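Colleague: next come a sequence and a model predicted from it.
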Amino acid sequence: MGDSVWLAFALALLAWLLVIGQHVQARRPEWRWYLTGYPVMALRVMVTWRKVAQLNDLSVSYQPSRRLLGELVVRGEPLRGLAPQLSFPRPLPGGLRLRVKLRPGQTPAPFLAVGDALAHAWRAHAVRVVSPERGLVVFTASAHDPLETPHERADRGSAELLSITVGVLETGRPWVMDFRRVPHWLVVGATRSGKSTLLARLVAQLAPQPVALVGIDCKGGMELGLFGGRLSALATSRAEAVTMLGALVDEAHRRMRTCRSAGARSVWDLPESTRPVPVVVIVDELAELYLTNGSRDDRAEAERCSTALLRLAQLGAALGMHLVVAGQRVGSDLGPGVTALRAQLGGRICHRVNDPGTAEMTLGDLNKDAVAVAQSIGTNEPGVAVTTADAEGWVRGRTYLTSPGESKETALRHAGGTPWLPFLSPPVERGEHS
């Protein structure tokens, strides 16, 4: 009788553990990784490191395998090399990180080339290798692809002014666009690559904040017109864009004079009561502002747009005026002003593109490796992009799926809080296209 009671108790306990395990897996999937996945991978890394280093030529030996006996050169068995010192694996959401201290005479190059070999040896989804400083290499191993099915979750950092969470990074961390840290952004992507989804997410995240949103959509407002109720102004043609950008540059000069009079280096040093409202200017399809039909008037209009955008990018960082410039194709063939503008846009986001020139234009001046990664994004990966605004230089991320309908509803819900910008009313009317 006692044995049957204990058996029943054990079965009941097992059933409860299974139920609790499923509940935890659904609510807190990272707990399962920390309790079961991480210890197994960490043990595998530590046990196999010496062998893996030897097989991939990451070990060093300070004694030659050849000896001179009189006039004869005798070659013996290769000496067992010394593996570089490996730190204890540090857990990350869905992965782990290790620091390798290089031995004298070693360079990072052999380590940067063995990422795939390490992933196979450690049974990881991917291993990224970077060298943040001399004599040090960092391995970041991912147990699975966090970009395959990203799940949105609340993030405290997104509550800060001009800081928004747009998706998840392959490191498992939230993908945050912080305009206070990186004032201006360049976003590129082919049709159905996820560029429009990112812009919709950006508007939906900024809509509840005390920020003025200004749109330039020279395709007649087809994209940004959905959010017209939350936009302080919307230009739907290049002629309107010239007027709007000119007014924004004039406002930038006014803010400069205000800061100078107050002895402030930026608007963020001003008292909150007198601080001007932050402005985020969203440009959808940059090429529409630069392409011309060859006529003198058309070229002059494009040059005015180019000059105003460049001035706004140069002046706006400290004045609470920020740019998000998006396009399917960005290249020097659009005009010399594009290259100059690109240099002022510190944040870069590159989705799948149709030509290598656009990927090179977006990422090439910051990191050549990122260009190759961006070109490998497939058509079955909408929303996946390479962004350079990361502590490690570049990283892959995926935008949370936010439909245009959801973004439009959010914009309308917060339309009552749309700041009024007197310097844009007139000459540019507030967007009420929704």
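Modeller: Right, received. Where do you want to start?
Colleague: neighbours of A207, how many?
Modeller: By other C-beta atoms under 10 Å, 22 other residues sit near A207. Glycine gets a C-beta too; all of them are placed from N, C-alpha and C.
Colleague: was I right to think it contacts L213?
Modeller: Yes. Applying C-beta atoms under 8 Å, one finds A207 in contact with L213, separated by 7.5 Å.
Colleague: what do those two both touch?
Modeller: Shared contacts of A207 and L213 (C-beta atoms under 8 Å, 6 or more residues apart in numbering): 227, 230.
Colleague: could you list the low-pLDDT ranges of the protein?
Modeller: Low-confidence segments of the chain, defined by pLDDT under 70: 1-30, 62-80, 149-159, 389-392, 426-434.
Colleague: look up phi and psi at the residue nearest in space to the middle of it.
Modeller: Closest to where the C-alpha atoms of the chain average out (C-alpha atoms, centre = their mean) is T387, at 3.5 Å. Torsion angles at T387 (phi, psi; degrees, to the nearest 10) stand at phi -120, psi 150.
Colleague: beta partners of the closest residue in space to it that isn't next to it in sequence?
Modeller: Spatially, and ignoring its direct neighbours in sequence, T387 is nearest to I349 (4.8 Å; C-beta to C-beta, 6 or more residues apart in numbering). With DSSP bridges as the criterion, I349 is bridged to V187, T387.
Colleague: surely I349 touches L186?
Modeller: Yes. Using C-beta under 8 Å, I349 is in contact with L186, at 7.1 Å.
Colleague: give me the common contacts of these two.
Modeller: With C-beta under 8 Å, 6+ apart, I349 and L186 have common neighbours T362.
Colleague: let me see the contact set for A415.
Modeller: The neighbours of A415, taking C-beta under 8 Å, 6+ apart as the test, are 229-230.
Colleague: quick one: contacts of the helix or strand harbouring V283?
Modeller: Element membership for V283 (DSSP states H and E) is strand 279-284. Residues from elsewhere that reach strand 279-284 (C-beta under 8 Å, 6+ apart): 162, 179, 199, 202-203, 206, 211-219, 223-224, 232, 248, 251, 289, 309, 312, 320-327, 421.
Colleague: check contacts around G397.
Modeller: 147, 166-170, 175, 384-387.
Colleague: okay, helices next: where are they in the stretch 1-150 of the chain?
Modeller: Taking DSSP state H, counting those that start in this stretch, the helices of the stretch 1-150 of the chain run over residues 2-27, 29-32, 38-55, 109-112, 115-121.
Colleague: now S196: how far from A233?
Modeller: As judged by C-beta to C-beta, to the nearest Å, S196 and A233 stand 20 Å apart.
Colleague: inside helices: which ones of the contacts of strand 279-284?
Modeller: Those of the contacts of strand 279-284 mapping onto helices are 199, 202-203, 206, 248, 251, 289, 309, 312, per DSSP state H.
Colleague: pick out the most distant pair among these.
Modeller: Farthest-apart pair in the ones in helices among the contacts of strand 279-284 is L199 and E251; separation 22.9 Å (C-beta to C-beta).
Colleague: helices and strands around the one helix or strand T165 maps to, which ones?
Modeller: Taking DSSP H and E as the definition, T165 sits inside strand 163-169. In terms of contacts (3 or more C-beta pairs under 8 Å, 6 or more residues apart in numbering; DSSP states H and E), strand 163-169 is packed against strand 174-178, helix 195-206, strand 395-399.
Colleague: can you put the ones you listed in a markdown table and add distance to W31?
Modeller: Formatted as a markdown table, the helices and strands packed on strand 163-169 follow (distance: least, C-beta to C-beta, whole Å):
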| stretch | distance to W31 |
| --- | --- |
| strand 174-178 | 18 |
| helix 195-206 | 27 |
| strand 395-399 | 22 |
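Colleague: so which of these gets nearest S87?
Modeller: S87 lies closest to strand 395-399 among those, at 20.9 Å (C-beta to C-beta).
Colleague: strand partners of the closest one, parallel vs antiparallel please.
Modeller: For strand 395-399, the paired strands and their directions (DSSP bridges) read strand 163-169 (antiparallel), strand 384-387 (antiparallel).
Colleague: so for G105, which of those sits nearest?
Modeller: strand 384-387 (33.3 Å).
Colleague: L291 and F227, how far apart?
Modeller: 25 Å.
Colleague: meant to ask about M177, not that
Modeller: Applying C-beta to C-beta, the value for M177 to F227 is 17 Å.
Colleague: more neighbours, these two?
Modeller: The neighbour comparison of M177 against F227 (other C-beta under 10 Å) goes to F227, with 31 against 25.
Colleague: show me the contacts for the more buried one.
Modeller: Contacts for F227 (C-beta under 8 Å, 6+ apart) come out as 200, 203, 207, 213, 215, 407-408, 411, 431, 434.
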